[in-house]
Each structure stands twice: as structure tokens, then as C-alpha cells.
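Q: Need coordinates for the below:
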Amino acid sequence: MSAQEILDLARAEGVMIATAESCTGGMVAVALTDMPGSSHVLERGFVTYSNNAKKEDLDVTPESLSTYGAVSEQVAREMAEGALAHSHADLSVSVTGIAGPGASEHKPEGRVCFGLARKGFRTVTETRDFGAQGRDNVRRLSRDHALALLKRALT
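A: Below is the predicted model of the structure:
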């Protein structure tokens, strides 16, 4: 997955992108900003690691956090939609998950939820279980999947 491809596609369509990241800590935004010309496409990135940041910066509801937990498609949806609402972007991707170590009975290490929101389109969410591959691998796989979602939205 080439971040440059995403930038080229978004620029050709006149689409600005925002990211809303938790477990990846800004890795998606970094992948995009590593490329020349990213300032024409990346509007902003939100790193909302804590639940308070998710609520304050992206309008994730306390009810969603208490009912579904931070690692859920509902929260990923609200993060992606919140990124659009709090930016001038046309397209956003969100990432929230358990990179590890650690897991719970209901949410295993390596579970990551993604959201993709675009103005004029229905928000989509999905969950990937990458498994207990170690923190670095889960974060890298999550970054790459978020980039793939952006590319898919632009093609």
C-alpha cells in the first residue's frame, strides 16, 4: 500500500483527509505526511488515545464508551464522523484497538476496529482480529489497513 497513491488519488479528486487514531498513535497521519505533497491532502490528524480525548475532540458519546467500550465499531464510527465534524476534511479514517500486550475476556489482543466516513456517503465500520502478534506488528498492520481503506474509498 502506497501512501503516495492515496495522496495522488485524493488530490486528483480534490478530497481532503483527516485521521482519528487511538492505538496507532498517529501512524496513519505519519505515513501520509512522509510523502511530498501531503499538505495538499491531509487536513489534520487526531490522536485520541484516552477516552476523554475521544469524547472531547471527536464527540464520542460516554454512552457508547460505557456500552460498547473504546474498542468497538460504534466508537470507530463516532471517531470517524467526529473527525469530519471537527475538520474541513471530506474523508476520514479511524482506528481504535488493543495493540497489546493485554486483553480481556471479550476483546482479545490484536482486535482493531476501523471507521471510514466520507461526506455524502454512509459511514462504514469493520473489525479485524490480527491476533497476538506483538504491539509493533498489530500497530503496523492497523496502519496499513487504514491506508487500504482510504485507498478503497478513493477508487
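Q: residue contacts, the residue lying closest to E126 once chain neighbours are set aside?
A: Of all residues not flanking E126 in the chain, F114 sits nearest, at 5.4 Å (C-beta to C-beta, 6 or more residues apart in numbering). Every residue, glycine included, has its C-beta placed from N, CA and C. Contacts for F114 were tallied using C-beta atoms under 8 Å, 6 or more residues apart in numbering; they are 76, 93-95, 125-128, 142, 145-146, 149.
Q: go with 7 Å
A: Shown in contact with F114 (C-beta atoms under 7 Å, 6 or more residues apart in numbering): 76, 93-95, 125-126, 145-146, 149.
Q: Enumerate the beta-bridge partners assigned to it.
A: Here F114 sits in beta bridges with V95, E126, going by DSSP bridges.
Q: any idea how far it is from T24?
A: F114 sits 10 Å away from T24, going by C-beta to C-beta, to the nearest Å.
Q: so what's in contact with those two at the same time?
A: Shared contacts of F114 and T24 (C-beta under 7 Å, 6+ apart): V95.
Q: Return the distance of the lengthiest helix in the chain from the chain's centre.
A: The residue-count maximum for a helix in the chain (DSSP state H) belongs to helix 135-154. Distance of helix 135-154 from the chain centroid (C-alpha atoms, centre = their mean, to the nearest Å) equals 8 Å.
Q: next one: stretch 147-155
A: When distances are taken as C-alpha atoms, centre = their mean, stretch 147-155 is centred 12 Å away from the chain's centroid.
Q: so what does the helix or strand hosting E56 touch, helix or strand wise?
A: Using DSSP states H and E, E56 sits in helix 51-58. The contact analysis (3 or more C-beta pairs under 7 Å, 6 or more residues apart in numbering; DSSP states H and E) places helix 51-58 against helix 73-85.
Q: any idea how far the helix it packs on is from the chain center?
A: On the basis of C-alpha atoms, centre = their mean, helix 73-85 sits 9 Å off its chain's mean C-alpha point.
Q: Mind checking the pLDDT average for that helix?
A: The pLDDT scores in helix 73-85 average 98.
Q: Flag every buried residue along it.
A: Of the residues in helix 73-85, 73-84 count as buried by neighbour count, 16 or more other C-beta atoms under 10 Å.
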